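build me a model from this:
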Amino acid sequence: MRCLRCGVCCTETEMLLSAEDIERLERKGYRKDFFTLFDKEGYARLRNLENHCVFYDAERKRCMVYSCRPLGCRLYPVIHDSQKGIILDHVCRAVDKLNEKQIGQRGWKVLKLLERIDAQAESRHNLPGAR
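Numbers count the residues shown, from 1 in each chain. Okay, the predicted model is just below:
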């Protein structure tokens, strides 16, 4: 799917990050505390700055880390809804560019990613002094 660079998905993002996402961005020279927020349950999320992802260049309407962006961003607009399961986020203006096969493949990857993120958050949450 080709990104339309509208920035809608980058506005007030709640994107979860895996440890691998964090490591990849750190290898590119970004400090974890610049782009990551950890909640009390141990989940890591992309930080927002001025109501959009810290990596979104609003002037140029593009992601500054597009080639190494988090896996959740790569799989978007396929997301997981806790009540509905795998769904498409129709906020995305390019959502109609995905076919059923792509949706299925991305959906499976979203579920695997969330399993990994849940395990990582639980591990962080259970660290001594984490509460």
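
need phi/psi at Cys6.
Listed backbone geometry of Cys6 is phi -80, psi -20, with angles given as degrees, to the nearest 10.

and the residue nearest to it when sequence neighbours are not counted, helix, strand or coil?
Residue nearest to Cys6 in three dimensions, not counting chain neighbours: Arg93, with 5.2 Å by Cβ to Cβ, 6 or more residues apart in numbering. (Each C-beta comes from the backbone N, C-alpha and C, glycine too.) Arg93 falls in the coil class when you classify it by DSSP: H, G, I helix; E, B strand; the rest coil.

list the contacts for Arg93?
For Arg93, the set of contacting residues under the criterion of Cβ atoms under 8 Å, 6 or more residues apart in numbering consists of Leu4, Cys6, Val8.

for the protein, give me the ranges with low pLDDT.
Along the chain, the model assigns pLDDT under 70 to residues 127-131.

all helices for it, in order.
When secondary structure is read from DSSP state H, the chain shows helices at 19-27, 32-35, 71-75, 100-125.

point out the most buried one among the ones you listed.
Counting by mean count of other Cβ atoms under 10 Å, helix 71-75 has the highest mean neighbour count of those, with a mean of 19.

ok, residues contacting it?
Counting contacts by Cβ under 8 Å, 6+ apart, the residues touching helix 71-75 from outside are Cys9, Met15, Leu16, Leu17, Ser18, Glu20, Asp21, Cys63, Arg106, Lys109, Val110, Leu113.
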